[in-house]
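Visitor: Got a sequence here, can you build the structure:
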Amino acid sequence: MAFSKVKELNKIIEIISNGRKRTNILKGCEQKAIAFLVTKIPEWISSDLLTLIGVLGNIIVSASFLLAKYYNRIYLLIGILGFFVSWFGDSLDGRIAYYRNKPRKWYGFTLDFTMDWIGIVLIGLSFIIFLDNSWKILGYLFVTLYGWEMMTALMRYKVTGKYSIDSGIFGPTEVRIIISIILIIEVIFNRSIIFFAIIANVGLLIANIMDFIKLLKSADSRDKQENKIIEN
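Guide: Predicted structure coming up:
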């Protein structure tokens, strides 16, 4: 019986993965959790509704920064709930479509990518408001660098035909967990978030530069291959 359940779980994972290669450190646990959840989601909950739930999660995170700014830092903990809601909707919207054999690859890709960007802007703007005047530049840099990362992901898809949401061992799930831990630390130690924001921006900058260099090499390799075809 146990073997049968494991086999069924692996089959569901294969269906919802749709050939997408993941490199994040929590991919094993995450895929099993998603495979379990897609079997429990009621039929009336559509992919679009799950995308909306993901956006709602980002709005909750954004609201937590504003409440912390104008009322009390303890409200930052609401952001943890927001990240969970965001993960739930963002992780399941596309997977549930493949599980139900109703995939809309390009529609889903367009909607999901746009909603992710709107969510990042909302969180970034509220983070800028939360920070003291002398440190607001950190929020601006975060939104700019994250936007660069998303743009690189799009260009990588165009050049290589492969779409990846992970940067090495870190994916959206790991980022949500790390930021949630940072929020807890900020509630305990005031202004510690500035230190983590600096580290995050430096890390994003380094990762973006490395990904950009790799992408340039892939683009150059594709140019050479296409030029050979033309010459022949």
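Visitor: going forward, measure contacts between C-alpha atoms and count neighbours the same way
Guide: OK.
Visitor: ranges for the helices of this protein?
Guide: Counting by DSSP state H, one finds helices in the chain at the ranges 2-17, 27-38, 47-70, 78-99, 105-130, 136-160, 172-188, 192-231.
Visitor: Measure how the shortest one sits relative to helix 172-188, angle-wise.
Guide: Put simply, helix 27-38 runs at 100 degrees to helix 172-188, going by axes from the mean of the first three to the mean of the last three Cα atoms, to 10 degrees.
Visitor: re the thing from before, mean pLDDT lowest where, among the helices of the chain?
Guide: Among the helices of the chain, helix 2-17 carries the lowest mean pLDDT, a mean of 51.
Visitor: Give me the most central residue, this protein.
Guide: For the chain, the residue sitting closest to the mean C-alpha position, by Cα atoms, centre = their mean, is Pro172 at 3.3 Å.
Visitor: Wait, that one touches Ile165, no?
Guide: Yes - using Cα atoms under 8 Å as the test, Pro172 is close enough to Ile165 to be in contact (7.3 Å).
Visitor: Next, count neighbours for Cys29.
Guide: Per other Cα atoms under 10 Å, the neighbour tally for Cys29 reads 10.
Visitor: Okay, the nearest residue to Arg176 once chain neighbours are set aside and Ile59: tell me how far apart.
Guide: Distances taken as Cα to Cα, 6 or more residues apart in numbering put Phe83 closest to Arg176, at 6.0 Å, once the chain neighbours are dropped. Relative to Ile59, Phe83 is positioned 10 Å away (Cα to Cα, to the nearest Å).
Visitor: Equivalent analysis for Leu145, please.
Guide: Distance, Leu145 to Ile59, using Cα to Cα: 20 Å.
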